[in-house]
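Colleague: I need the structure of the sequence given here:
(2 chains)
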2 protein chains.
Amino acid sequence: MSAHPFDAAIALQSREDGLFLGRTSPPYANFIGPYGGITAAQCLNAVLQHPQRLGDPVAFTINFAAAVADGEFLVRARPARTNRSTQHWIVEMLQGDEVVATATALTAVRRPTWGGHEAHLPEVPRPAEIQRTLRRGVAWMERYEMRFVLGMLPRDWDGSGGPESLSRLWVRDDPPRPLDFPSLAALCDVFFPRIWLRRARQTPLGTVSMTVYFHADAEELARAGTGYLLAQARGQGFGGGYFDHAAQVWHEGGSLLATTHQVMYYKE
Amino acid sequence: MSAHPFDAAIALQSREDGLFLGRTSPPYANFIGPYGGITAAQCLNAVLQHPQRLGDPVAFTINFAAAVADGEFLVRARPARTNRSTQHWIVEMLQGDEVVATATALTAVRRPTWGGHEAHLPEVPRPAEIQRTLRRGVAWMERYEMRFVLGMLPRDWDGSGGPESLSRLWVRDDPPRPLDFPSLAALCDVFFPRIWLRRARQTPLGTVSMTVYFHADAEELARAGTGYLLAQARGQGFGGGYFDHAAQVWHEGGSLLATTHQVMYYKE
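Modeller: A predicted model of the protein is given here:
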């Protein structure tokens, strides 16, 4: 059996001293360059593959500095600070002499404590009750099975739009793949641009920065298996060529797995 | 007239090649080490003072890697990628040979576009209708005039807590100081830990990562002047020693100035 396209896409060859070689993956291609989520997963994977890594990811921020060209890239992951149970990482993705992405990560050995999520899974129909949304056109969209509950793409690109950009969808890898930190990070970028819902116009745009906070450890993610995740996003501020959204990702069992935020550039 | 304590606290001496010397500031002391917001402002200020800086801050993430000791520190700010109208920064704060904070920033030349904020100023009483909250105990709390609308600290630390951790407060620098990017970044850390509202227990904790998205350019911030800001925060996920919150900051005139998120470590 051949590797899952996600595993093939995030595979890295370790070079000397925290340097990893990877290459872009056609199954995760976007309109221009790769899907941002796969770039995020590649950067996070360099941290996870690093021999000095301590603990699991807790916080991860990636900045998309330039279009990633098709072909090879290097990821340099450096533990800037290692404490007893936490570690802070600085990551750069390079093509030739150019930085195409920067990232920071916090990994930590998590310990059992009091817990009680405050962001709750909204009341929504179950995945089986909702038709799969067909989103052909670019490769990466075929890598995710999406079932929209609310806030699907505008039917008509007629400039009408609306005052709110809340979306809710059930989503998982296609073909299904057991959840882990890289795939959850990738999935946090699955939301189409909020401004499309607000404006119903296909303005040129791109994500410039994304942050993911992980609310589950490796064991909890393993328990999530290949189940559906409910992903919810809502825009916040739009102006001066940039807008952001705040988002949450729950397992279908109800537990919060990640909260994530991103800011996108747009042109008009 | 002497400098405002905030200006004194974020003052940096430029050394060679993107290296800046600063020192911790007693007026912004926290229980242990400095107020995280002032560390954030110092890191952001190194970017702003850098001779190669292009544009204004759009996104800023700071990771608090270790307690900052009283005394001198160095901040190294490096433009990892400079595009036509955007620039990506990697920042490290150092004491001796140790990294105590890492940060990334995106600065950009913002251009007029369609805009329309979706996160609206909630309906709340005006600042003058609310008593100033006295929060003595640590120095930095005296650097902010706070008027709590909702979600003030628990009256009794009796372990009762509640299911929600929404807070809303009017806040500005004390003494008042015209708003700018460093002071807005600092103010984004003004929220006391959400877990205190959930648990009414003073568990040991500290912020490990904070992200700020700026929704205003320098001109808009200048127009905000010394007016009050409404700051709102709400917890999301709590478990395994870490929790996060999502927050928004509006000018009293109603415009969204920043959205911000952070994740805190807690002990039990």
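
Colleague: what does the stretch 51-200 of chain A put close to chain B?
Modeller: Within the stretch 51-200 of chain A, the positions near chain B by C-beta under 8 Å from any C-beta of the partner chain are A:58-59, A:61, A:63, A:65-66, A:80-81, A:83, A:86, A:88, A:90, A:92, A:98-100, A:102-104, A:106, A:108, A:110-119, A:163-165, A:194, A:198-199. Quick note: C-beta positions are derived from backbone N, CA and C, even for glycine.

Colleague: can stretch A:236-251 be found next to chain B?
Modeller: Yes: applying C-beta under 8 Å from any C-beta, one finds stretch A:236-251 touching chain B at A:236, A:237, A:238, A:239, A:240, A:241, A:242, A:244, A:246, A:248.

Colleague: could you say what helices and strands the strand or helix carrying residue A:244 packs with?
Modeller: Residue A:244 belongs to strand A:242-251 when assigned by DSSP states H and E. Applying 3 or more C-beta pairs under 8 Å, 6 or more residues apart in numbering or on different chains; DSSP states H and E, one finds that strand A:242-251 contacts helix A:194-199, strand A:229-239, strand A:256-266, strand B:256-266.

Colleague: neighbours of the spatially closest residue to residue A:116 that is not a sequence neighbour, how many?
Modeller: Excluding the flanking residues, the one nearest residue A:116 by C-beta to C-beta, 6 or more residues apart in numbering or on different chains is residue B:238, at 5.3 Å. Using other C-beta atoms under 10 Å in any protein chain shown, the number of residues around residue B:238 comes to 26.

Colleague: now the helices: where do they sit in chain A?
Modeller: Under the criterion DSSP state H, helices of chain A are mapped to A:5-10, A:36-49, A:181-187, A:194-199, A:218-224.

Colleague: quick one: the second one near chain B?
Modeller: Meaning helix A:36-49. No: shown here: helix A:36-49 not in contact with chain B (C-beta under 8 Å from any C-beta), separated by at least 12.0 Å.

Colleague: export the strand holding residue A:244 as CSV, just CAs?
Modeller: What follows is strand A:242-251, C-alpha atoms only, in CSV (Å, rounded to 0.1, in the frame of the first residue of the first chain):
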residue,chain,number,x,y,z
TYR,A,242,-5.9,42.8,5.8
PHE,A,243,-8.6,40.8,7.6
ASP,A,244,-8.5,38.1,10.3
HIS,A,245,-10.6,35.3,11.5
ALA,A,246,-10.9,33.3,14.7
ALA,A,247,-11.7,29.6,14.5
GLN,A,248,-12.2,26.5,16.6
VAL,A,249,-11.9,22.8,15.7
TRP,A,250,-13.7,20.1,17.7
HIS,A,251,-13.7,16.3,17.5
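
Colleague: any weak-confidence spans in chain A?
Modeller: Applying pLDDT under 70 to chain A flags the ranges A:1, A:135.

Colleague: rerun that using 90 as the cut-off
Modeller: Within chain A, the ranges that satisfy pLDDT under 90 run A:1-2, A:16-17, A:31-32, A:133-137, A:153-156, A:160-161, A:202, A:268.

Colleague: which ones are touching whichever residue of the stretch 1-150 of chain A sits closest to chain B?
Modeller: Closest contact between the stretch 1-150 of chain A and chain B, by C-beta to the nearest C-beta, is at residue A:115 (3.0 Å). Counting by C-beta atoms under 8 Å, 6 or more residues apart in numbering or on different chains, residue A:115 touches B:238, B:239, B:240.

Colleague: repeat for residue A:187
Modeller: Neighbouring residues of residue A:187 by C-beta under 8 Å, 6+ apart: A:37, A:144, A:171, A:173, A:229, A:231, A:249.

Colleague: would you confirm that the first one contacts residue A:140?
Modeller: What it means is residue A:37. Yes: with contact defined as C-beta atoms under 8 Å, residue A:37 and residue A:140 form a contacting pair (7.5 Å).

Colleague: before we move on, the earlier item: same list (the contacts of residue A:187) but as a markdown table, adding neighbour count.
Modeller: Compiled in a markdown table, the contacts of residue A:187 are given as follows (neighbours: other C-beta atoms under 10 Å in any protein chain shown):
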| residue | neighbour count |
| --- | --- |
| A:37 | 28 |
| A:144 | 19 |
| A:171 | 20 |
| A:173 | 19 |
| A:229 | 22 |
| A:231 | 25 |
| A:249 | 24 |
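
Colleague: which one of those residues is nearest to chain B?
Modeller: The closest of the contacts of residue A:187, once distances to chain B are taken by C-beta to the nearest C-beta, is residue A:249, at 10.2 Å.

Colleague: now the strands for the stretch 1-150 of chain A?
Modeller: A:13-14, A:19-23, A:56-64, A:72-82, A:86-95, A:98-108, A:144-150 (DSSP state E, counting those that start in this stretch).

Colleague: tell me the most buried of the ones you listed?
Modeller: Mean neighbour counts were compared across the strands of the stretch 1-150 of chain A using mean count of other C-beta atoms under 10 Å in any protein chain shown; the top stretch is strand A:56-64, at a mean of 27.

Colleague: got the contact list for the residue lying closest to residue A:98 once chain neighbours are set aside?
Modeller: Of all residues not flanking residue A:98 in the chain, residue A:66 sits nearest, at 6.6 Å (C-beta to C-beta, 6+ apart). Neighbouring residues of residue A:66 by C-beta under 8 Å, 6+ apart: A:98, A:99, A:100, A:101, B:81, B:83.

Colleague: just residue A:154 next, same as before
Modeller: Residue A:154 makes contacts with A:160, A:161, A:196, A:197, A:200, as judged by C-beta under 8 Å, 6+ apart.

Colleague: if any of the residues you listed are buried, give me the ChimeraX selection for them.
Modeller: A single ChimeraX command is used to select the members of the contacts of residue A:154 judged buried by 16 or more other C-beta atoms under 10 Å in any protein chain shown:
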select /A:161,196,197,200
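
Colleague: and the furthest pair within the contacts of residue A:154?
Modeller: Pairwise distances across the contacts of residue A:154 peak at 11.7 Å for A:160 and A:196 (criterion: C-beta to C-beta).

Colleague: for chain B, see how far away the spatially closest residue to residue A:158 that is not a sequence neighbour is.
Modeller: For residue A:158, ignoring the flanking residues on the chain, the nearest one in space by C-beta to C-beta, 6+ apart is residue A:200 at 5.7 Å. Counting by C-beta to the nearest C-beta, to the nearest Å, the separation of residue A:200 from chain B is 12 Å.

Colleague: quick one: contacts for residue A:200?
Modeller: A:154, A:156, A:157, A:158, A:159, A:160, A:161.

Colleague: thought the last one was touching residue A:194?
Modeller: No: under the criterion of C-beta under 8 Å, residue A:161 lies out of contact with residue A:194, with a separation of 10.6 Å.

Colleague: might you report the residue contacts of the closest residue to residue A:202 other than its chain neighbours?
Modeller: Using C-beta to C-beta, 6+ apart and skipping the chain neighbours, the partner closest in space to residue A:202 is residue A:157 (5.9 Å). Residues near residue A:157 by C-beta under 8 Å, 6+ apart: A:200, A:201, A:202.

Colleague: next, format these as JSON lines and append distance to residue A:225.
Modeller: Shown next, in JSON lines, are the contacts of residue A:157 (distance: C-beta to C-beta, whole Å):
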{"residue": "A:200", "distance to residue A:225": "37"}
{"residue": "A:201", "distance to residue A:225": "39"}
{"residue": "A:202", "distance to residue A:225": "36"}
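
Colleague: quick check, nearest of these to residue A:45?
Modeller: residue A:202 (31.6 Å).

Colleague: count of residues packed around that closest one?
Modeller: Residues within reach of residue A:202, counting by other C-beta under 10 Å, total 12.

Colleague: I figured it hits residue A:193, correct?
Modeller: No: counting by C-beta under 8 Å, residue A:202 does not reach residue A:193; the two are 9.2 Å apart.

Colleague: got the contact list for residue A:231?
Modeller: Residues near residue A:231 by C-beta under 8 Å, 6+ apart: A:167, A:168, A:169, A:170, A:171, A:187, A:190, A:191, A:247, A:248, A:249.

Colleague: hmm, the fourth one is touching residue A:129, no?
Modeller: No: with contacts defined as C-beta under 8 Å, residue A:170 does not count as touching residue A:129, sitting 9.7 Å away.
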